[in-house]
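Participant: A predicted structure for the sequence below; I have some questions about it.
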Amino acid sequence: MMDKLSFAGLLIGIGGILGGQWIEGGAVSILFQGAAFLIVCGGTLGAVMLQCPFNIFVTGIRMGSWVFITPQLSPGKLVFQITAWSSLARKDGILALESQIATSRDPFVKKGLRLLVDGNSAEKIREVLEVDMQTYEQLHFQCARVWESAAGYSPTIGILGAVLGLVQVMQNLSEPAKLGAGIAVAFISTIYGVGLANLVFLPISGKLKVLITHQMVMREILVDGLVAIASGDNPRLIENKLQGYIF
């Protein structure tokens, strides 16, 4: 599902900076410097790649798309589904849920239903699934921190770009007329570094952490529901309990 708020936030943030530059009488075009952009983005990318293991880096970059196209998360629908499973198990027995395994596309759901159908106790089901939950949470929070790391590096890389630009300016001291424009261009790298960190990298990292937290709530709903079914709880009681997760 497309997240219009994320698109709007990014456009408003960038538009505010460009609009402020224009209102102050500055040329908007001076903010577009290919060399500065290459220094900041290339340097930040290299630093993050050096810091992160390959699978964490690749998964973290892929997760960035979640900010604009969010995964489908419907706790109400999941509660309804678990309640239906409970009613089916109460009526026809636990083995009746075996047909539900093939219809699910989520490996975590498949695993939970398989544990339930195989006749494992409620304690064993919770024990096995909680290990999966911890692994999932740790992996995905590490991947979200890829963007947080980029936010830490980009301002410093931006300063490095500014210093490199000033070095070029110092080489042209014999032409004073060019110094003002040269210094302005040099500091564009700092703008890119700070801007990307605070308008792109940190917000993406924060949004990913919120989405991961919501995914963990979905998994907690599933685990509690399967454990309740294994314990033979009443479907109405299960539904009322799981409704407490919805906010």
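Facilitator: Received, thanks.

Participant: which SS class is the residue of the chain positioned farthest from its centre?
Facilitator: Relative to the centre of the chain, the most outlying C-alpha is that of Ser174, 50.0 Å out, by C-alpha atoms, centre = their mean. Classification of Ser174 using DSSP: H, G, I helix; E, B strand; the rest coil returns coil.

Participant: how close does it sit to His140?
Facilitator: Taking C-beta to C-beta, to the nearest Å as the measure, Ser174 falls 56 Å from His140. No exception for glycine: its C-beta is placed from N, CA and C like everyone else's.

Participant: now swap in Ser121 and tell me
Facilitator: In terms of C-beta to C-beta, Ser121 sits 29 Å off from His140.

Participant: more neighbours: the two, which one.
Facilitator: His140 (22 against 12; other C-beta atoms under 10 Å).

Participant: chain neighbours aside, what residue packs nearest to that one?
Facilitator: Ile212 (4.8 Å; C-beta to C-beta, 6 or more residues apart in numbering).

Participant: any idea which helix or strand carries that neighbour?
Facilitator: Secondary structure assignment for Ile212, by DSSP states H and E: helix 202-230.

Participant: that helix - what's its average pLDDT?
Facilitator: For helix 202-230, the mean per-residue pLDDT is 95.

Participant: for it, buried residues please.
Facilitator: The neighbour-count check on helix 202-230 (16 or more other C-beta atoms under 10 Å) flags 202-205, 207-209, 211-212, 215-230 as buried.

Participant: same thing with stretch 98-107?
Facilitator: So for stretch 98-107, counting by 16+ other C-beta under 10 Å, buried means Gln100.

Participant: who touches it?
Facilitator: Contacts to stretch 98-107, defined as C-beta atoms under 8 Å, 6 or more residues apart in numbering, come from residues 85, 88, 110, 113-114, 117.

Participant: quick one: which of these has the most company?
Facilitator: In these, the most neighbours by other C-beta under 10 Å go to Leu113, 24 neighbours.

Participant: assign a three-state SS to it, would you?
Facilitator: At Leu113 the chain is in helix, as set by three-state DSSP.

Participant: excluding chain neighbours, what is closest to it?
Facilitator: In space, and not counting its chain neighbours, Leu113 is closest to Ile101: 4.9 Å by C-beta to C-beta, 6+ apart.

Participant: what residue ranges in the chain score low on pLDDT?
Facilitator: Along the chain, segments meeting pLDDT under 70 span 176-182.

Participant: could you pull out the helices in it for me?
Facilitator: Remark: helices assigned in the chain by DSSP state H are 4-23, 34-51, 54-63, 75-92, 98-103, 107-117, 122-170, 179-186, 188-196, 202-230, 235-243.
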